[in-house]
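K.L.:
I'd like to go over a predicted model; first the sequence, then the structure.
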Amino acid sequence: MEKTIWICSLSGPIEKSKTCDERSRIIQNRKWLGLSVIAFALVVAGAVVQAQQPEKIRRIGFLSTGVPGSSRGIEPFKRELRQLGYIEGKNIAFEYRYADGKPARLTALADELVRLNIDVIVAGGGGDAGD
């Protein structure tokens, strides 16, 4: 006894097939189901991996006319950043540049910070305290 299977195709008319029986169609459907599940799992896994990307470390350039250690204004600035959730070494990093009391050096130091691709430059100084 010969089986006649009717196949409905999205790309064409209904056609008759003598080469494919019911069991083959079920296996084929399971293959597509399995591929669909794998594709879905990869999409979900990709979203999870993307969500677990490490946070970008923002770089802050600090530019002062004073000498290293003379900038008292940087500590309150850092304290305020910590209160906002920015922690040095975790999600922010500082690049310090000091003009050693020579304001003419500020332009070259600022250029250096720009070349380092700093996210923001904070400038302090101008007073007798060397801030």
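P.N.:
Okay, I see it. Residues are numbered from 1 along each chain as shown.
K.L.:
Quick check: phi and psi on Y98?
P.N.:
phi -120, psi 140 (degrees, to the nearest 10).
K.L.:
Next, work out how far apart it and E112 are.
P.N.:
12 Å (C-beta to C-beta, to the nearest Å). C-betas here are computed from N, CA, C, even on glycine.
K.L.:
the more surrounded of the two?
P.N.:
Y98 (21 against 14; other C-beta atoms under 10 Å).
K.L.:
so the more buried one touches L106, yeah?
P.N.:
No. Assessed by C-beta atoms under 8 Å, Y98 is found out of contact with L106, at 9.9 Å.
K.L.:
what is in contact with the two at once?
P.N.:
T65 (C-beta atoms under 8 Å, 6 or more residues apart in numbering).
K.L.:
where in the chain is pLDDT low?
P.N.:
Low-confidence segments of the chain (pLDDT under 70): 1-33, 35, 37, 40, 44, 46-54, 71, 125-131.
K.L.:
repeat that for 80
P.N.:
By pLDDT under 80, the weakly predicted segments of the chain are 1-55, 69-73, 124-131.
K.L.:
So it: which segments form each domain?
P.N.:
Domain segmentation of the chain under automatic domain parsing yields 5-51, 58-124.
K.L.:
Quick one: end-to-end length of the last one, please.
P.N.:
Domain 58-124 has an end-to-end distance of 19 Å (criterion: C-alpha to C-alpha, to the nearest Å).
K.L.:
Can you tell me the closest non-neighbouring residue to Y96?
P.N.:
Spatially, and ignoring its direct neighbours in sequence, Y96 is nearest to F62 (4.9 Å; C-beta to C-beta, 6 or more residues apart in numbering).
K.L.:
now the helices for this structure?
P.N.:
Under the criterion DSSP state H, the chain carries helices at the ranges 22-51, 74-83, 106-115.
K.L.:
which of the residues in stretch 98-118 are buried?
P.N.:
For stretch 98-118, the neighbour count (16 or more other C-beta atoms under 10 Å) marks Y98, A99, L106, L109, A110, L113, I118 as buried.
K.L.:
which two in those are spaced the farthest apart?
P.N.:
Farthest pair in the buried residues of stretch 98-118 (C-beta to C-beta) is A99 and I118. Separation: 16.5 Å.
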